[in-house]
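Enquirer: build me a structure from this.
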Amino acid sequence: MENADSLSGRLLDAAVARYLFGLEVEERTNQRTQRQDVVCRAPGQQWVRCAFFAESTGASLNVEYELRQRGWTWRREERPGSRWSQPGVGHVVLDHKDGRVVEANGATIKEALCRAAVKAAGSSVSRAG
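Expert: From the prediction side, this is the model:
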């Protein structure tokens, strides 16, 4: 598993798709733009462009929901306002119902959440194995 703290951009999106959602992930050249991009699919399904988990609020909400389904909760910060709009460097702390704790930082809250999600998915794998 990649070091979540060193991932950003589409590589972080790919890690979230692979480790949190269990999707097959491939890097491919976008035929229209000729740039490298990431596609993913559930086994046996059609390939689709990977969601922008670290940039999109909607995709980040899906990450938060999946974590909640796995027993993780996002520890509330004592700062006023929405956690999505907090200025400055993002910091996320996740608590699992079994006592595990995962922390991550990022340039934004969404990036920090994605890094924490990859770590949380990895801690589940290492704990099971």
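Enquirer: I'd guess residue 61 is in a helix, am I close?
Expert: Yes: under DSSP: H, G, I helix; E, B strand; the rest coil, residue 61 falls within a helix.
Enquirer: can you tell me how far it is from residue 39?
Expert: Here the distance between residue 61 and residue 39 works out to 22 Å (C-beta to C-beta, to the nearest Å). C-beta here means a position set from N, CA and C on the backbone, and glycine is covered the same way.
Enquirer: residue boundaries of the strands in this structure?
Expert: Listed in chain order, the strands of the chain (DSSP state E) span 24-29, 36-41, 48-49, 72-74, 90-96, 101-106.
Enquirer: residue 61 and residue 39: which is more packed in?
Expert: A count of neighbours by other C-beta atoms under 10 Å puts residue 39 above the other of residue 61 and residue 39, at 18 against 14.
Enquirer: quick one: contacts for the more buried one?
Expert: 25-26, 28, 47-50 (C-beta atoms under 8 Å, 6 or more residues apart in numbering).
Enquirer: what pLDDT does it get?
Expert: pLDDT recorded at residue 39 is 96.
Enquirer: give me phi/psi at the nearest residue to it once chain neighbours are set aside?
Expert: Counting by C-beta to C-beta, 6 or more residues apart in numbering, the nearest residue to residue 39 once its immediate chain neighbours are dropped is residue 47, at 4.6 Å. Backbone geometry at residue 47, expressed as degrees, to the nearest 10, gives phi -70, psi 140.
Enquirer: gap between residue 47 and residue 28?
Expert: 8 Å.
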